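Enquirer: coordinates only, sequence not included:
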């Protein structure tokens, strides 16, 4: 297999830095961006370096963050703005390779293996992107370079803030060895604890354990952990810009009172579906496969931590109402009594340019499309919060501006 | 019954009526043709209970009577016999005998009385129309008939008999055709949804441009009566959609294009468009209509057609096949496209021709 050249770009404290740019008066002050759920409830989604020094981390509840860093400026996330700036970063990166995979809002993988003759060395490409992002958008990015996605991702973690780190081919295992095991994909809190019980804290320790022992301990996933620990990762950079999937994920804070019953999640769906549909339409795409993931609480009765249900439609859709009703159907089909949900992911796959976009005289589709067209025009002119489904007022954070600030 | 016919005449009659034979019926008699003698001719009939056809063939009738014979076998045998007179007869056991020169075939028939009678459609509501006019009308509307059985009303053509004329209307919900025609004689008013299949068969029968046919309409059946052939069809029950609501009352942009040039450009662009849901994008640029199509697996198409534009510039996507269908039946030298918004229906008309209207929904432009 020829050696690959993968860059992992990471925009440092992305959301917090966007807010700092928007409000220069916050210069030097700790910033915590929260996804508001109305009232004083919310989850931390981005932390500036200053707030990070006080122990504030992502996924923490806003209340907890406030206790840790009372002087921090708490700002409600403005995802429309973040998405626009993220798209601008992706536009800069996409000049270098079509193999560009956006990964959440603040990072992306680039496969530049075949771009050497056009743009120079991989380090040169990473440096150019870093410089252009800084010049055009004013953000610092870190870049990790490696022969696979895992190593590039770990390298960008070490390179943060604002550096470029290249791991030479053949030195992947050596590079990963001193890093904590939680940097490996699939190693969450629970697995990390189980590994710690085995005396394994760093990746080098994990790599030295025989694969068959790990398989015995963790099932088939054990084999994957062993390969990753040895620096072996064959996963491809999925050309995803324009995106191949469109996703929304909402994790609820882990306080007992914050966990949702599945039935209560129905109220979130119109708002989520509206945002998914808007993303879809902005890329001129339609979707044919919808996946719903319910992240379940550990103390619930379900055997698995994630309940997944997927549906492939006969026809592609792109309207908010169609997407909402399909997800409602999935939710109803997957709900079980006693389930406690700590998070929800809605994913649109099989994105196409709409093989079935012929309009009809006698279908509601045309009416819905006109409605969506008008909603898009209003949002373009007056902002994302200007219009949304009334039901979203009850649950979705995007409507929380109508409530008093915490 | 015993009669002598020319092989060719009998074969043509069997072929014509045979188009109404049911191919999938569980009733064996519906796979048969009924042949009945009348003075100096034979009447050959078939039905699948939805449509029935009856044609007459000149014959030297020696013994009057009637018989049935399996349509497929009879057609095959007659197609292969030499061109000479055929003697057709039947015995008491319903065994049909065919003699032609030295060839002789006995074919097992069924009792003629088991054959369902073609309904008698009264002429309380009726009209007469030129054959050529009706054939043109069917030609210009039948392509928009829906193939979806889920909405049976749309699988037919709406026939509207009004004062002084008739209208044919068809729609598959993506496009709609309306053809106005004058009649030579008429009585009453009627609305009937005639199955698309019946209209297609009728169109095949209207080969001669000369002469007229009479049409009788009853609440559940329609009869198209020509001198040598009769076609009876049941009507589709239900309400045809209010097609007048679909026709835009106004437009803010109008394109006038030479029909032949536009048709040729669309034909070429459709080669690429068919690989991408038939999507063709129409855009006006500097006095030209630019037609483009794009497919990831094939490539791109670019065409220009001279256009006279009224109103703002246009950018809309249409199903290339839907435009080709209508351009292919247009007689006028220039065609007019009346448009409004990118999600609103467009109207296609022949310049100076008010008797034909085509309304087509666009494709979503991305």
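Expert: On my side now, so go ahead. Computed from a prediction, not measured in an experiment: that's the story for all the values here. Numbers count the residues shown, from 1 in each chain, chains lettered A, B, ... in the order given.
Enquirer: what mean pLDDT would you report for the helix or strand hosting residue B:104?
Expert: Using DSSP states H and E, residue B:104 sits within strand B:103-108. The predicted model assigns strand B:103-108 a mean pLDDT of 95.
Enquirer: Mind listing the strands it pairs with, and their directions?
Expert: According to DSSP bridges, strand B:103-108 has the following sheet partners: strand B:95-100 (antiparallel).
Enquirer: Which pLDDT does the model give the residue of the stretch 51-200 of chain B found nearest chain A?
Expert: Relative to chain A, the nearest point of the stretch 51-200 of chain B is residue B:173 (4.4 Å; Cβ to the nearest Cβ). Quick note: C-beta positions are derived from backbone N, CA and C, even for glycine. Listed pLDDT for residue B:173 reads 90.
Enquirer: Nearest residue to the middle of chain A?
Expert: Against the mean C-alpha coordinate of chain A, by Cα atoms, centre = their mean, the closest residue is residue A:104 at 3.0 Å.
Enquirer: give me phi/psi at that one?
Expert: phi 50, psi -170 (degrees, to the nearest 10).
Enquirer: how about stretch A:275-294: buried residues?
Expert: A:275-281, A:283, A:285-294 (16 or more other Cβ atoms under 10 Å in any protein chain shown).
Enquirer: Narrow those to those in strands?
Expert: Counted as lying in strands by DSSP state E, out of the buried residues of stretch A:275-294, are A:287, A:288, A:289, A:290, A:291, A:292, A:293, A:294.
Enquirer: residue contacts, the third one?
Expert: Translated: residue A:289. For residue A:289, the contacting residues are A:310, A:311, A:312, A:313, A:348, A:349, A:350, by Cβ atoms under 8 Å, 6 or more residues apart in numbering or on different chains.
Enquirer: Any chance of the backbone angles for the last one?
Expert: Note on residue A:350: its backbone torsions stand at phi 50, psi 50 [degrees, to the nearest 10].
Enquirer: give me the number of residues near it?
Expert: Other residues lying near residue A:350 total 15 when counted by other Cβ atoms under 10 Å in any protein chain shown.
Enquirer: now swap in the fourth one and tell me
Expert: For residue A:313, the tally of surrounding residues (other Cβ under 10 Å) stands at 15.
Enquirer: a strand runs through it, doesn't it?
Expert: Yes - assigned with DSSP: H, G, I helix; E, B strand; the rest coil, residue A:313 falls within a strand.
Enquirer: Now do the contacts for it.
Expert: Taking Cβ under 8 Å, 6+ apart, we find residue A:313 in contact with A:287, A:288, A:289, A:290, A:326.
Enquirer: Run a quick neighbour tally on the last one.
Expert: By other Cβ under 10 Å, the residues close to residue A:326 number 21.
Enquirer: I'd like to know how far it sits from chain B.
Expert: Separation of residue A:326 from chain B (Cβ to the nearest Cβ, to the nearest Å) stands at 19 Å.
Enquirer: And the fourth one, by the same measure?
Expert: Taken as Cβ to the nearest Cβ, the spacing of residue A:290 relative to chain B amounts to 19 Å.
Enquirer: So that residue is in contact with residue A:351, correct?
Expert: No - using Cβ atoms under 8 Å, residue A:290 makes no contact with residue A:351, being 11.3 Å away.
Enquirer: Close to chain A: what parts of the stretch 51-200 of chain B are there?
Expert: Contacts of the stretch 51-200 of chain B with chain A, taken as Cβ under 8 Å from any Cβ of the partner chain, map to B:171, B:173, B:174, B:176.
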